[in-house]
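S.K.: model this:
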Amino acid sequence: MLEHGQGAPLKPKRVVVIGAGGFVGGAVVRRLTRDGVPAHGLTRKELDLLADGAADRLTAALDPDDSAVFVSALAPARTPALLVQNLRMAEAVGKALAARPVAHVVYISSDAVYADDANPVTERSCCQPSSLHGMMHAARELMLKTDVKAPLAVLRPSLLYGARDPHNGYGPNRFRRLAEKGEAITLFGEGEEQRDHVFIDDVAQLVALALSHRSRGVLNIATGVSTSFRDIAEKVVSLAGSRSEIRGTPRQNPITHRHFDITDCLKAFPKFRYTPLDEGLARAMQPE
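M.R.: Residues are numbered from 1 along each chain as shown. Have a look, this model is predicted:
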């Protein structure tokens, strides 16, 4: 669970967002800017974490009063080569934060660090990743805990969706693009698996809350409501006013579900409420 270093929220003096060009990082920068918090976004153009001297360049960009959000990743990390590259990126960030300690650090991890059958998932569930992507995030968390002297908040989002998502992964992001074009949506099996889907703006808001409270510890980012992929496909087709066919396929893998107990989130931020799925999908499908 998160522990707050500041009971009353206080705007950070400046937030350095490492990975500001990505889906999550961009949403965090927009949220901080909206809240009137100075945000210094570092994209790959300004800071390539795989380049020689990356740690030194990041060290030079940091001030002691800064808060830092580390979200940069090559994702999903499905190959050993990508796993190694992501760990090299974390190594550079860790070296910089060790050389130039800041006031607060937030790391955006993933619920992939948990075992597939860990239901219901809580912040105290055992980290037992079953994928290279989950292993990458678990290793990065440990690396940061070793290097970071400041309060460290590790946020573990479930599956994310939103209008600007670049990955087109299976689920709301892919389904809405297919529905908008009137193309068929192909499910894994009959889409029975239930997952917790989180609207990207909620992630950005929780990051902002953690920063304003200078929180430390672990928090899962999940709504507490799991929905099947078939139900999501049907919602998206309806919202799009589309005639897209929803097709099942022969099942290749066992059916697994993921459910979250979000008690710790409710305790950490009692006034925060997640965006309901129907509302989030409608917002994700609006023209930008």
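
S.K.: what mean pLDDT would you report for stretch 249-265?
M.R.: For stretch 249-265, mean pLDDT rounds to 92.

S.K.: where exactly do the strands run in the stretch 151-288 of the chain?
M.R.: 152-157, 159-161, 185-186, 194-199, 215-221, 226-228, 246-247 (DSSP state E, counting those that start in this stretch).

S.K.: who wins for proximity to residue 8 among the ones you listed?
M.R.: strand 215-221 (12.9 Å; C-beta to C-beta). Backbone N, C-alpha and C define where each C-beta goes, glycine included.

S.K.: Provide the strand pairings for that closest one, with the direction of each partner.
M.R.: Strand 215-221 has these partner strands in its sheet, going by DSSP bridges: strand 3-4 (antiparallel), strand 152-157 (parallel).

S.K.: chain center to the last one, what's the gap?
M.R.: The offset between the C-alpha centroid of strand 152-157 and the centroid of the whole chain comes to 9 Å, using C-alpha atoms, centre = their mean, to the nearest Å.

S.K.: Over to the shortest one?
M.R.: Between the mean C-alpha location of strand 3-4 and the chain-wide mean there is a distance of 20 Å, by C-alpha atoms, centre = their mean.

S.K.: Now do the closest residue to residue 108 other than its chain neighbours against residue 124, distance only.
M.R.: With sequence-adjacent residues excluded and distances taken as C-beta to C-beta, 6 or more residues apart in numbering, residue 108 is closest to residue 71, at 4.2 Å. Using C-beta to C-beta, to the nearest Å, residue 71 is found at 24 Å from residue 124.

S.K.: same deal with residue 142?
M.R.: Taking C-beta to C-beta, one finds residue 142 at 17 Å from residue 124.

S.K.: Over to residue 159?
M.R.: Counting by C-beta to C-beta - residue 159 and residue 124 are separated by 21 Å.

S.K.: Please say which of those two ends up with more neighbours.
M.R.: residue 159 (18 against 9; other C-beta atoms under 10 Å).

S.K.: Now do the contacts for the more buried one.
M.R.: Contact analysis of residue 159 by C-beta atoms under 8 Å, 6 or more residues apart in numbering lists 169, 171, 195-198.

S.K.: Make a PyMOL selection of whichever of these turn out to be buried.
M.R.: The following PyMOL line selects those of the contacts of residue 159 that are buried, judged by 16 or more other C-beta atoms under 10 Å:
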select buried, resi 171+195+196+197+198
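
S.K.: residue ranges with poor pLDDT in the stretch 151-288 of the chain?
M.R.: Applying pLDDT under 70 to the stretch 151-288 of the chain picks out residues 287-288.

S.K.: residue ranges for the helices of it, please.
M.R.: For the stretch 151-288 of the chain, the helices defined by DSSP state H, counting those that start in this stretch cover 172-180, 200-212, 229-240, 263-268, 277-284.

S.K.: How far off centre is the first one?
M.R.: Here helix 172-180 shows a centroid-to-chain-centroid distance of 20 Å under the convention C-alpha atoms, centre = their mean.

S.K.: other SSEs contacting it?
M.R.: strand 185-186, helix 229-240, helix 277-284 (3 or more C-beta pairs under 8 Å, 6 or more residues apart in numbering; DSSP states H and E).

S.K.: Which one, of the ones you listed, ends up nearest to residue 52?
M.R.: Judging those by C-beta to C-beta, what sits closest to residue 52 is helix 277-284, at 38.8 Å.

S.K.: elements contacting that closest one?
M.R.: Right, helix 277-284 is packed against strand 159-161, helix 172-180, strand 194-199, helix 200-212, helix 229-240 by 3+ C-beta pairs under 8 Å, 6+ apart.

S.K.: in what helix or strand does the residue nearest to residue 146 when sequence neighbours are not counted lie?
M.R.: Counting by C-beta to C-beta, 6+ apart, residue 94 is the residue found nearest to residue 146 once chain neighbours are left out, at 7.1 Å. Using DSSP states H and E, residue 94 sits in helix 80-99.

S.K.: for the nearest residue to residue 226 once chain neighbours are set aside, which residues make a bridge with it?
M.R.: For residue 226, ignoring the flanking residues on the chain, the nearest one in space by C-beta to C-beta, 6+ apart is residue 194 at 4.0 Å. On DSSP bridges, the residues paired with residue 194 through beta bridges are residue 228.
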